[in-house]
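A.B. asks: This is a predicted model, with the sequence first.
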Amino acid sequence: MEKNLLKKGELKPEYDRVLEEYLHLDHMEEVSPGEKIIKGKYNSFYLPHHAVIKPDKKTTKVRVVFNASKSSSSGNSLNDILFTGPTLQPDLMLLILNWRIYKYVFNGDVEKMYRQIIVHDDDQDFQRIIFRKSPNSPLRDFKLKTVTFGVNCAPYLAIRTLHELAEDTKSEFPLATQVLKTQTYVDDILSGSHNLPQAYESLAQVTQALNTAGFPLKKITANHPNILKDIPKENLLDTNFLKFEKESTTKTLGIQWNAISDQFSYTNESISALSAITKRQILSSVAKLFDPAGWLSP
């Protein structure tokens, strides 16, 4: 992994920056090297990690992914021995279709949602990693202190936490309760109202409810500027959504959404003009289109 990062030049500093942020935000901490053994039993697990590059992202281009499915010397991985938990998130297609019912809609992303949730102290050592900034430096051991992307129970833990938050704040923020329980897909919130003032109030309550638990709502978009009028600019996906310019387009659950026309659209990779167009190329291009609601189906 380290050699691959060094080969790609600018990727290694960006990868280091992400893990340094983990340290700065207290999402991981350094630990003594070696396995943690208590009464003859292993009480730690080391997760391999690698980079995933997303050049189309407006914010973080490099994501560090931890592989909890990698088998250890025992033949089992961390995911093999963890209970995944029941599915709590709503059906993706129904969520998108329900969102289309409202005249006024908004969308937001809970920033670093998994990493805002602390894992119990007894379990943190099962999320250990090895990392160093330079190939000339000694290897250092760390433990991840928060819910980790790549661990199979992470979606359940995150969504269950949101549901608990919805219950804890329902008397103070009643409009946020239903949104957090039924109009959220992991860290993506899609809600709205037929009434403009209520859509504004709903977004305000959702934001406030999330803030009480340290879940900042970012990348906020809407199909009407009045819904966003009191949202700080740094919490918007783009200032275009205040001006409602032609560029007011974003990806919502993987589908392109234009806030001005309030329409979904699809983009696909162009087939190289230098080569003959074949059925294989066309089928490959079609297979890459993300269409959870089946709108492109014949």
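C.D. replies: Yep, it's here. As the structure is a computational prediction, the values presented were derived from the model and not from experiment.
A.B. asks: from here on, contacts and neighbour counts on C-alpha atoms
C.D. replies: Fine.
A.B. asks: Give me the phi and psi for residue 88.
C.D. replies: Main-chain torsions, residue 88, degrees, to the nearest 10: phi -110, psi -20.
A.B. asks: Same question for residue 30.
C.D. replies: Here is the backbone geometry of residue 30 (degrees, to the nearest 10): phi -70, psi 140.
A.B. asks: Please name the residues that touch it.
C.D. replies: 140-143 (C-alpha atoms under 8 Å, 6 or more residues apart in numbering).
A.B. asks: now the residues you listed as JSON lines including neighbour count and secondary structure?
C.D. replies: Shown next, in JSON lines, are those (neighbours: other C-alpha atoms under 10 Å; DSSP: H, G, I helix; E, B strand; the rest coil):
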{"residue": "140", "neighbour count": "14", "secondary structure": "strand"}
{"residue": "141", "neighbour count": "17", "secondary structure": "strand"}
{"residue": "142", "neighbour count": "20", "secondary structure": "strand"}
{"residue": "143", "neighbour count": "23", "secondary structure": "strand"}
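A.B. asks: of those, closest to residue 70?
C.D. replies: Nearest to residue 70, judged by C-alpha to C-alpha, of the contacts of residue 30 is residue 143 at 17.0 Å.
A.B. asks: partner residues bridging the closest one?
C.D. replies: Beta-bridge partners recorded for residue 143 (DSSP bridges): residue 29, residue 128.
A.B. asks: Flag the shaky bits of the stretch 1-150 of the chain, pLDDT-wise.
C.D. replies: For the stretch 1-150 of the chain, the stretches flagged by pLDDT under 70 are 35-42, 55-60.
A.B. asks: In three-state terms, label residue 251 for me.
C.D. replies: Counting by DSSP: H, G, I helix; E, B strand; the rest coil, the backbone at residue 251 sits in strand.
A.B. asks: so how far is residue 282 from it?
C.D. replies: Computed as C-alpha to C-alpha, to the nearest Å, the residue 251 to residue 282 distance reads 23 Å.
A.B. asks: Repeat that for residue 260.
C.D. replies: For residue 260, the distance to residue 282 (C-alpha to C-alpha) stands at 31 Å.
A.B. asks: Residue 78 too?
C.D. replies: Distance from residue 78 to residue 282, by C-alpha to C-alpha: 39 Å.
A.B. asks: neighbour-wise, which of these two wins?
C.D. replies: residue 78 (20 against 12; other C-alpha atoms under 10 Å).
A.B. asks: Spit out the contact partners of residue 139.
C.D. replies: 130-132.
A.B. asks: what do you get if the cut-off is 10 Å, keeping everything else the same?
C.D. replies: Contact partners of residue 139, counting by C-alpha atoms under 10 Å, 6 or more residues apart in numbering, are 33, 130-133.
A.B. asks: Check the burial of residue 297 by counting its neighbours.
C.D. replies: Neighbours of residue 297 (other C-alpha under 10 Å): 6.
A.B. asks: Next one: it relative to residue 285, how far apart?
C.D. replies: 14 Å.
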